[in-house]
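Enquirer: Next one to model:
(one chain, ligands or ions: 2)
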Amino acid sequence: MSHKYAIGVDYGTQSGRAVLVDLSNGHEIADHVTPYPHGVIDETLPTSGQALEHDWALQHPDDYLEVLRRSVPEVLKQAGIDPADVIGLGIDFTACTMLPVDEHGVPLCFKPEWENNPHGWVKLWKHHAAQDEADRLNAIAAERGEKFLPRYGGKISSEWMVAKIWQIVNEAPEVYDATDLFTEATDWVVSQLTGKFVRNSCTAGYKSIWHKQDGYPSKEFFKALDPRMEQITETKLRGDIVALGTKSGELTEEMAQLTGLKAGTAIAVGNVDAHAAVPAVGVVTPGKLVMAMGTSICHMLLGTEEVEVEGMCGVVEDGIIPGYLGYEAGQSAVGDIFEWFVEEGVPAYVKDEAEKAGVGVHQWLTERASAYKPGETGLLALDWWNGNRSVLVDTNLTGVIVGYSLLTKPEEVYRTLLESTAYGTRKIIDAFHHNGVPVDEVYACGGLPQRNALLMQIYADVTNREIKVADSKQTPAVGAAMFGAVAAGSAKGGYDSVVDAAKAMARVREDTFKPIPENVAVYERLYQEYSELHDYFGRGANDVMKRLKGLKDEASR
Ligand SMILES: Nc1ncnc2c1ncn2[C@@H]1O[C@H](COP(=O)(O)OP(=O)(O)O)[C@@H](O)[C@H]1O
Ligand SMILES: O=C(CO)[C@@H](O)[C@@H](O)COP(=O)(O)O
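Expert: Ligands and ions are numbered 1, 2, ... in the order given. Now for the predicted structure:
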């Protein structure tokens, strides 16, 4: 049999990328990135120019198709292989990134009658404008003693499906009525490839409160939210829910024309970016935490029992690797915080000097920040620039930096922001480790580990754990390709399980980041200070952040 390949397409926050992978060893033969032409739509609607309220974050579904149109043919061209040797394709996506579609699967925002209504568009994972709905949902679920709540660390997030749908019910009931299905973007793109709609068990479990044994919450629960939602699981959330690793269907003729692949190529069911990355670093057993580090961080861990962990995003049977309970937690902003500082927080001289030195601002700041010892900046920050996903699950929390003086330098602030995100990760590791889901090893993948060695050393020191790094530029895409190979199956030159695929294809770098004992000692003290601030601002002792947000809302109305 000739050499076989699979393609993984990773849909990130700003761009989508296709990677063509050799199935015998996991090597990335070709990759290509397509920045989304409309990016993240968080200021004005592209059609009408209507201003969006803050906390909104939308996307354009055609941008996802653009990735297929541009990046898939490009990797085929770069690799110079016969498209018939690409036996499978898998995709992974940010989540919960959701959209309303009509009975033909057409996104409402593609239709002239809905294109000017912001609720007809894709709501990106970091759309945080459904916090009121999430708060009410959590109160109602707690009052009713809904047994799903502990599976989600005690709180359903405003980032997820039900809160987002309920916002549409409240603010645009006409869009709700016109919607045939609410879908995850990952399932919608797969349906465009195969011509057939199925839901994947991963997003259904983590983002739509679905359980392998119990199904969705009851009609009574949805009715208690809003009588208009009573039947939603049989109507707008209907659809077969199938396990990761399943073949969703085959590439249609039309999509074959568009991508250059062969019609009939096996297409895996949709997956989530962070979850797809886990087998791609070879993690298929418990005890190993995988951090997908980019705009945000998702923390993924396998377990054998369902236990309650404060503020985790969820525990889902078969949610990451079949046969295990998959645990997920996360931080809503990590790279995004560094980017905010680079874009909005540095003086002009930093940009000038970086330009003169011929390096990016991140690199310029990182080089200078590396000269400081832990504690030397005198600064400490709370990493809540985009709220707190775990363990507090509260998007209304905001950022703090303590310790400024007239001598504070931009690189010190940058280092402090790097450190603050490491403390946020430590909170998550502690929550799992001390509650029956051990974290013995840590793996990192995503854009950040390759770009910033200082950041990774800080994470090793703050967590006091050695960190292994993926030997791949595009780990989630490689994971998605593995699932594509499993969808094709061994008879076609792929694999029969993702565990088999991981054995052959997963790769981590030989060099690791090891904790440095003297740094660990100082960071332990700083982490105790972080914890004090974390609980003071985050657990109700002082709700100043929420009062400020309230004032801001009043002022902007
Ligand atoms: N040298 C750097 N150090 C730290 N962060 C960086 C650096 N370069 C880029 N970033 C951050 O990386 C993030 C993008 O990560 P990436 O993994 O490529 O994207 P995504 O999360 O969308 O998949 C951005 O938020 C950006 O601020
Ligand atoms: O929330 C999830 C997964 O559950 C992510 O899709 C979301 O944090 C976005 O991830 P990125 O930082 O864009 O890779």
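Enquirer: how far away is G154 from A541?
Expert: 19 Å (C-beta to C-beta, to the nearest Å). (Glycine included, C-beta is placed from N, CA and C.)
Enquirer: ok, those two, which is more surrounded?
Expert: Using other C-beta atoms under 10 Å as the criterion, G154 and A541 rank with G154 on top: 17 against 9.
Enquirer: Distance check, the most centrally placed residue in the chain against S15.
Expert: Residue closest to the average C-alpha location in the chain (C-alpha atoms, centre = their mean): T94, at 4.5 Å. Distance of T94 to S15, computed by C-beta to C-beta: 11 Å.
Enquirer: got the residues of the stretch 201-350 of the chain near ligand 2?
Expert: Residues of the stretch 201-350 of the chain found near ligand 2, taking C-beta under 6 Å from any ligand atom as the criterion, are 272-274, 292, 294-296, 298, 328, 330.
Enquirer: Assign the closest residue to the residue nearest to the centre of the chain other than its chain neighbours to helix, strand or coil.
Expert: Leaving aside its sequence neighbours, T94 sits nearest to W125 (C-beta to C-beta, 6 or more residues apart in numbering; 4.5 Å). Secondary structure, DSSP: H, G, I helix; E, B strand; the rest coil: W125 is coil.
Enquirer: if I pick W125, what's in contact with it?
Expert: By C-beta atoms under 8 Å, 6 or more residues apart in numbering, W125 lies in contact with 13, 57, 94-97, 159.
Enquirer: restrict these to those near ligand 1?
Expert: T13.
Enquirer: What about the contacts of W125, which are in strands?
Expert: If you go by DSSP state E, the contacts of W125 have nothing in strands.
Enquirer: Read off the pLDDT value for the closest residue to ligand 1 within the stretch 151-300 of the chain.
Expert: For the stretch 151-300 of the chain and ligand 1, the shortest gap (C-beta to the nearest ligand atom) falls at G294, measuring 2.3 Å. pLDDT for G294: 92.
Enquirer: ok, now M1?
Expert: At M1, the model reports a pLDDT of 63.
Enquirer: Same check on the one 4 residues further on?
Expert: In the prediction, the pLDDT value recorded for Y5 is 98.
Enquirer: Against G489, how distant is the closest residue to it other than its chain neighbours?
Expert: For Y5, ignoring the flanking residues on the chain, the nearest one in space by C-beta to C-beta, 6+ apart is V86 at 4.9 Å. In this view, V86 and G489 are 14 Å apart by C-beta to C-beta.
Enquirer: of the two, who's got more company?
Expert: Between V86 and G489, counting by other C-beta under 10 Å, V86 is the more crowded of the two (29 against 16).
Enquirer: distance of the nearest residue to L417 once chain neighbours are set aside from D352?
Expert: Nearest non-adjacent residue to L417, counting by C-beta to C-beta, 6+ apart: I337, 5.3 Å away. I337 is 23 Å from D352, where distance means C-beta to C-beta.
Enquirer: okay, those two: which has more neighbours?
Expert: Legend: neighbour count by other C-beta under 10 Å for I337 and D352, higher for I337 (26 against 10).
Enquirer: Centre of the chain to the lengthiest helix in the chain, how far?
Expert: Longest helix in the chain by number of residues, with DSSP state H as the criterion: helix 410-433. Relative to the centre of its chain, helix 410-433 is centred 18 Å away, using C-alpha atoms, centre = their mean, to the nearest Å.
Enquirer: between the next helix or strand after that helix and helix 410-433, how big is the angle?
Expert: Counting by DSSP states H and E, the element after helix 410-433 in chain order, helix or strand, is strand 441-445. Strand 441-445 runs at 130 degrees relative to helix 410-433, counting by axes from the mean of the first three to the mean of the last three C-alpha atoms, to 10 degrees.
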